[in-house]
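J.: Sequence first, then the predicted structure:
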Amino acid sequence: MDRDQLIKKALEARQRSYSPYSKFRVGAALLTEDGRIFTGCNIENAAYSPSICAERTAIFKAVSEGYTAIRAIVIVGDSDYTYPCGVCRQVIREFGKETIIIIANSEDDYREYKLKDLLPNSFGPEDLE
């Protein structure tokens, strides 16, 4: 995995954020198990609840193209170390129980976690079998 490339892609995605209400830009870049990269940014809406986080944008783009196994995801925001919300953690879990989550400020300033560190004792698809 090229961590620097993923972080750069997430930083680029953050620039495309549509956040006229919160002014809080977030970008994400995910790596699928077979090496494809998908990016996403947060997209807000005047009605607020139809808004979507950057992580889910990237994940939904990947899934809509037929990629349902996430190896890693990078998240960058406008604050120091922007972590995924609970909804995004659960969506990440749906497509990658062993996903590596990288919270970055830059290519040189990042923190790396396994999903189980941020979502312990999680519930996933195998629990419904």
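T.: It's in. Note that the coordinates shown come from a computational prediction; the quantities given were computed from them, not determined experimentally.
J.: In the chain, what residue spans correspond to strands?
T.: Counting by DSSP state E, residue ranges of the strands within the chain are 26-32, 37-41, 70-77, 100-104, 110-114.
J.: residues contacting the nearest residue to Ile75 once chain neighbours are set aside?
T.: Spatial nearest neighbour of Ile75, chain neighbours left out: Ala28 (5.2 Å); criterion: Cβ to Cβ, 6 or more residues apart in numbering. Placement of C-beta: from N, CA and C, glycine included. The neighbourhood of Ala28, defined by Cβ atoms under 8 Å, 6 or more residues apart in numbering, consists of 10, 13, 39-41, 53-55, 57-58, 73-76.
J.: Correct me if wrong: Ile73 contacts Ala104.
T.: No: proximity of Ile73 to Ala104 does not meet the contact threshold set by Cβ atoms under 8 Å, at 10.7 Å.
J.: quick one, which of those two is more surrounded?
T.: Comparing Ile73 with Ala104 by neighbour count (other Cβ atoms under 10 Å), the higher total belongs to Ile73, at 29 against 25.
J.: surely Tyr113 meets Ile100?
T.: Yes: shown here, Tyr113 and Ile100 form a contact pair, counting by Cβ under 8 Å, at 7.3 Å.
J.: Between the two, which is the more surrounded one?
T.: Between Tyr113 and Ile100, counted using other Cβ under 10 Å, Ile100 has the larger neighbour count: 18 against 14.
J.: Which residue is the nearest non-sequential neighbour of the more buried one?
T.: Nearest residue to Ile100, sequence neighbours excluded (Cβ to Cβ, 6+ apart): Ala72, at 4.2 Å.
J.: per-residue confidence for that neighbour?
T.: Note on Ala72: pLDDT of 98.
J.: who's in contact with it?
T.: Ala72 neighbours (Cβ under 8 Å, 6+ apart): Met1, Leu6, Leu30, Leu31, Thr99, Ile100, Ile101, Ile102.
J.: swap in Leu31?
T.: Met1, Leu6, Ile37, Ile70, Arg71, Ala72, Ile73.
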